[in-house]
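> Would you be able to build a 3D model of this:
(one chain, ligands or ions: 1)
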Amino acid sequence: MAVGKLVSRIQTSLGQFELDVDLTLPTQGVSVIFGPSGSGKTTLLRAIAGLQQCNGEISFNDEDWQGAGPYRKTAQRPLAYVFQEASLFPHMSVEQNLDFAERYSLTRDHASKRSDLITLFDISHTLNRKPEQVSGGERQRAAIVRALLRQPDLLLLDEPLASLDDARKHDVLPYLEKLKNDFELPIIYVTHSAYEAARLGDYIVALDKGLVVSQGSLWDVIRDPLFPGDISREAGTIMTGTVDRIDTQWHLAYIDTGSASFITVPANDLNTGDSVRLWIRASDISLSHQPLEENSISNSLPCVIEDICHDPNPALMIVRLKTSSSATLITRITRQSADQLNLKQQMTIYAHIKTAALI
Ligand SMILES: Nc1ncnc2c1ncn2[C@@H]1O[C@H](COP(=O)(O)OP(=O)(O)OP(=O)(O)O)[C@@H](O)[C@H]1O
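Sure thing, here's the model as predicted:
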């Protein structure tokens, strides 16, 4: 199926601030609008939603929302919006908030079932409570369910984790991943967190001072020397696996990722058989032609080199690898090491993972 697009060629001003963007986003997967505070991310999202007046044109999958055809107000655009906080009506219970969304939902053949969404986002215990009586993470999950009950064709998420502390952020992130993976719903996700952008984004747009400074697939953006912020340094890979065994002497868990060897992480309170996800940063992987002797049973994965390219930093190269379980690893090594190892595409090489974090 051909991927549709969201075209936004718009200008607007707010006091001294001017936003001037010409963007074409795929209407598939998660498009991340990334940039520092005050760069215009929320203004852009509000303009797409029709909540911020702007000049120019906006179209969604060839449907004109503004510009060529008659202007469509927010309620006439098939979208749902989750704000940084307070997306739920405070005077209604969570359940009444969901009722409200269903009353104004768009008609769809394959509507998501309310009970399924409540289970998926684990909010059944909050239904009778008011938003102020649930945690920040539960509130955002309920706000996402409410948005999904509108049966939108496009979901706009404005820093949904911004109001949460780090622990809550890590609680909610897996739900956002479910949202990304289980629904064929294009999402525009605003964040200033490189970690969230790298973890959730498929397509990334970087804004600075109201202008687009870089855009492309996550992988293209990582290599873009104009890309602001630390996304390239934060770049990495998520691998899923199962705890094969716990080494009680060294407090390590051996994770089976389907690759030829295990990856070890601190055992914490993991048990054999648990499913886990690992975050492996590009800077935590080194390469060699041989498995390291002392590491040969763990953290040393045979891989095939898919791609080698220049890093914005002239001393470094970025190497993309495929593991035997078809996971993609990204590593950043010095140009000198790349030269000494004589790296070539399709070459088999060992990736040594210094540390992997559980997420
Ligand atoms: N109502 C307003 N009147 C005047 N200026 C405004 C108004 N709303 C926003 N601005 C300014 O417009 C600029 C862009 O704001 P916007 O909220 O889009 O940025 P942002 O990238 O989403 O920032 P943050 O990450 O801090 O939420 C900022 O400089 C902000 O101060």
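> export the helix or strand where residue 352 lies as PDB, just CAs?
For residue 352, the enclosing helix or strand under DSSP states H and E is strand 348-353. Below are the C-alpha coordinates for strand 348-353, written out as PDB (Å, rounded to 0.1, in the frame of the first residue of the first chain):
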ATOM      1  CA  THR A 348      31.200 -10.600   9.300                       C
ATOM      2  CA  ILE A 349      32.400  -8.900  12.400                       C
ATOM      3  CA  TYR A 350      32.000  -9.200  16.200                       C
ATOM      4  CA  ALA A 351      30.100  -6.500  18.100                       C
ATOM      5  CA  HIS A 352      31.100  -6.300  21.700                       C
ATOM      6  CA  ILE A 353      28.500  -4.700  23.800                       C
END
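> Let me see the confidence value for residue 213.
If you check residue 213, the pLDDT there is 85.
> so it is in which element?
Per DSSP H and E: strand 211-217 holds residue 213.
> list the helices and strands that strand packs on?
strand 17-26, strand 203-208 (3 or more CB pairs under 8 Å, 6 or more residues apart in numbering; DSSP states H and E). From N, CA and C alone the C-beta is placed, and that goes for glycine too.
> switch the cut-off to 6 Å
strand 203-208 (3 or more CB pairs under 6 Å, 6 or more residues apart in numbering; DSSP states H and E).
> can the strand it packs on be found next to the ligand?
No - no part of strand 203-208 sits close enough to the ligand to count as contact by CB under 6 Å from any ligand atom; the gap is at least 6.6 Å.
> That strand pairs with which strands, and in what direction?
According to DSSP bridges, strand 203-208 forms sheet pairs with strand 30-34 (parallel), strand 211-217 (antiparallel).
> quick one: buried residues of the very next helix or strand once past the shortest one?
Pointing back at strand 30-34 there. As assigned by DSSP H and E, the chain's next helix or strand after strand 30-34 is helix 41-49. By 16 or more other CB atoms under 10 Å, the buried positions in helix 41-49 come out as 41-49.
> relative to strand 30-34, how tilted is the helix or strand hosting residue 170?
Per DSSP H and E, residue 170 falls inside helix 166-182. With axes from the mean of the first three to the mean of the last three CA atoms, to 10 degrees applied, the angle from helix 166-182 to strand 30-34 works out at 140 degrees.
> ok, residue 274 touching residue 243?
Yes - contact criterion CB atoms under 6 Å: residue 274 and residue 243 qualify, at 4.6 Å.
> Can you tell me which residue is spatially central in the chain?
residue 200 (1.1 Å; CA atoms, centre = their mean).
> Tell me who's in contact with that residue.
30, 176 (CB atoms under 6 Å, 6 or more residues apart in numbering).
> switch to 7 Å and redo it
If a contact means CB atoms under 7 Å, 6 or more residues apart in numbering, then residue 200 has 30, 32, 176-177, 180, 189 as its contacts.
> Quick check: of these, which lies closest to residue 310?
Using CB to CB, residue 32 is the member of these that sits closest to residue 310, with 23.3 Å.
> Show the contacting residues for that closest one.
With CB under 7 Å, 6+ apart, residue 32 has these contacts: 189, 191, 197, 200-201, 204-205.
> at 6 Å instead, please
189, 197, 201, 204.
> Next: residue 90.
Residues near residue 90 by CB under 6 Å, 6+ apart: residue 131.
> Return the distance of it relative to the ligand.
With the distance defined as CB to the nearest ligand atom, to the nearest Å, residue 90 ends up 21 Å from the ligand.
> what do you get for residue 204?
For residue 204 relative to the ligand (CB to the nearest ligand atom), the value is 15 Å.
> what about the residue lying closest to that residue once chain neighbours are set aside, neighbour count?
Leaving aside its sequence neighbours, residue 204 sits nearest to residue 221 (CB to CB, 6 or more residues apart in numbering; 4.4 Å). When neighbours are defined as other CB atoms under 10 Å, residue 221 has 24 of them.
> Residue 221 should be in a strand, yeah?
No - the assignment for residue 221, made by DSSP: H, G, I helix; E, B strand; the rest coil, is helix rather than a strand.
> surely residue 202 meets residue 26?
No - contact status for residue 202 versus residue 26: not in contact, 7.6 Å apart, counting by CB under 6 Å.
> Those residues of the stretch 51-200 of the chain touching the ligand, which are they?
Counting by CB under 6 Å from any ligand atom, the residues of the stretch 51-200 of the chain near the ligand are residue 192.
> The same query, at a cut-off of 8 Å, please.
Applying CB under 8 Å from any ligand atom, one finds that the stretch 51-200 of the chain approaches the ligand through 84, 158-159, 162, 190, 192.
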